[in-house]
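Undergrad: Okay, structure incoming, though there's no sequence with it:
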């Protein structure tokens, strides 16, 4: 077994057990240590997104204009419980705040259900390491394809709870706030960079078979990477944060896509997020996010994503993806 296959198996089989261990641990700790409420936090997050229609256009690199008022919506809710364990590495200002967080979440949407688990270690205020896993299942409803496999010509529904979506990751985050150097309420320029190695897959599918999850098509079981970079400004106002974030995702090996390797392999999906967060009160916040994304462009016209595996890729097509709203309440 080569190193790539070995690491992929470690992610997909070994780390996946963390989901059940962490969620059970958070539940146990929550009941056994209720008196230590400062160490335990809960939050409810509700996400909603509206997608306008933007038809595919043939050609090289270009921007596709909006061609219709509606192409879909997204709605999901996530309950998150976090248990923080102080793990000071020393008495200095940098080391005394080190901690470990055990995080268990449960995500619901009209098309899926998914428990998520994550363990984070913050040895320094500007550095975070994390490992996590999730597993869930989905279905198709109201004309939206939430859980499908590609059969060579179209995406076909998968049977809920006979197949399972799962992902497993390890990552590191660098975060810095200039307010730590310069005193004042108006000195907080925030910079964040995150890199993750992540395995995504659906059980019971053959190697190289394409699939769709939560209405996004063109995935294949395999090891990929995600890089996120954020630059923002924090203010002591109701609108307490504005920023721009770049989110890039791709697979390490185009062989993950099997017969469609030349069409789908080695393509990096990029999203640009323009963010504004409103602090409604001490426990409620609302984030508004306008997203410009990119997808593959091809040498010939097409109407549906299911046609793309048989086309010739010619560049990158940018388009207005969605406007999203995220409300979060902490408890």
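TA: Now that the structure is in, tell me what you want to look at. All of these numbers come straight from a predicted model, not from anything done at the bench. Numbering: from 1, shown residues only.
Undergrad: Show me the shaky parts of this structure.
TA: For the chain, the stretches flagged by pLDDT under 70 are 1-38.
Undergrad: Now do the helices in it.
TA: 3-9, 17-32, 261-264 (DSSP state H).
Undergrad: in the shortest one, what's buried?
TA: In this case it means helix 261-264. By neighbour count on 16 or more other CB atoms under 10 Å, the buried set for helix 261-264 is 261, 263-264. C-beta here means a position set from N, CA and C on the backbone, and glycine is covered the same way.
Undergrad: same question, stretch 146-155
TA: Buried residues in stretch 146-155 (16+ other CB under 10 Å): 146-150, 155.
Undergrad: Among these, list the two that are farthest apart in space.
TA: The most widely separated members of the buried residues of stretch 146-155, counting by CB to CB, are 146 and 150 (14.5 Å).
Undergrad: Any chance you could list what contacts stretch 70-80?
TA: Stretch 70-80 has contacts (CB atoms under 8 Å, 6 or more residues apart in numbering) with 42-54, 103-110, 112, 116, 144, 214-215, 322, 324.
Undergrad: again, 6 Å this time
TA: Contacts to stretch 70-80, defined as CB atoms under 6 Å, 6 or more residues apart in numbering, come from residues 43-53, 105-109.
Undergrad: I'd like to know which of those are buried.
TA: 43, 45, 47, 49, 51-52, 105-107, 109.
Undergrad: Mind checking which of those residues land in strands?
TA: 43, 45, 47, 49, 51-52, 105-107, 109 (DSSP state E).
Undergrad: Distance of the residue located most distally from the centre of the chain relative to residue 122?
TA: The C-alpha centroid of the chain is most remote from residue 91, which lies 35.5 Å away (CA atoms, centre = their mean). Residue 91 sits 17 Å away from residue 122, going by CB to CB, to the nearest Å.
Undergrad: Residue 329 too?
TA: 24 Å.
Undergrad: Residue 107 too?
TA: 24 Å.
Undergrad: before we move on, back to that, can you say which two of the contacts of stretch 70-80 are spatially most distant?
TA: Longest span within those, CB to CB: 43 and 53, 33.3 Å.
Undergrad: if we can go back for a sec, could you dump the buried ones among the contacts of stretch 70-80 to JSON lines with distance to residue 138?
TA: Below are these laid out as JSON lines (distance: CB to CB, whole Å):
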{"residue": "43", "distance to residue 138": "23"}
{"residue": "45", "distance to residue 138": "19"}
{"residue": "47", "distance to residue 138": "16"}
{"residue": "49", "distance to residue 138": "17"}
{"residue": "51", "distance to residue 138": "18"}
{"residue": "52", "distance to residue 138": "24"}
{"residue": "105", "distance to residue 138": "16"}
{"residue": "106", "distance to residue 138": "14"}
{"residue": "107", "distance to residue 138": "11"}
{"residue": "109", "distance to residue 138": "8"}
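Undergrad: Buried ones in stretch 318-329, by neighbour count?
TA: In stretch 318-329, counting by 16+ other CB under 10 Å, buried: 318-322, 324, 326-328.
Undergrad: before we move on, what about stretch 299-317?
TA: 305-306, 308-309, 311, 313-314, 316-317.
Undergrad: what distance separates it from the centre of its chain?
TA: Distance, stretch centre to chain centre, for stretch 299-317: 25 Å (CA atoms, centre = their mean, to the nearest Å).
Undergrad: can you check stretch 184-191 too?
TA: Computed by CA atoms, centre = their mean, the chain-centroid distance of stretch 184-191 equals 26 Å.
Undergrad: I'd like to check what contacts it. Which residues are they?
TA: 176-179, 231-234, 236.
Undergrad: those strands in the stretch 201-331 of the chain, which residues are they?
TA: 210-213, 216-220, 222-234, 239-251, 269-279, 284-298, 313-330 (DSSP state E, counting those that start in this stretch).
Undergrad: The third one pairs with which strands, parallel or anti?
TA: Spelled out, it's strand 222-234. Strand pairing for strand 222-234, using DSSP bridges, gives strand 188-202 (antiparallel), strand 239-251 (antiparallel).
Undergrad: in that strand, what's buried?
TA: 222-228, 230, 232, 234.
Undergrad: cool, the fourth one as well?
TA: Of the residues in strand 239-251, those buried under the neighbour-count criterion (16+ other CB under 10 Å) are 241, 243, 245, 247, 249, 251.
Undergrad: could you check the angle strand 269-279 makes with it?
TA: 160 degrees (axes from the mean of the first three to the mean of the last three CA atoms, to 10 degrees).
Undergrad: For residue 266, list the residues it contacts.
TA: Residue 266 neighbours (CB under 6 Å, 6+ apart): residue 254.
Undergrad: ditto for the one 5 residues further on
TA: With contacts defined as CB under 6 Å, 6+ apart, the neighbours of residue 271 are 247, 291, 293.
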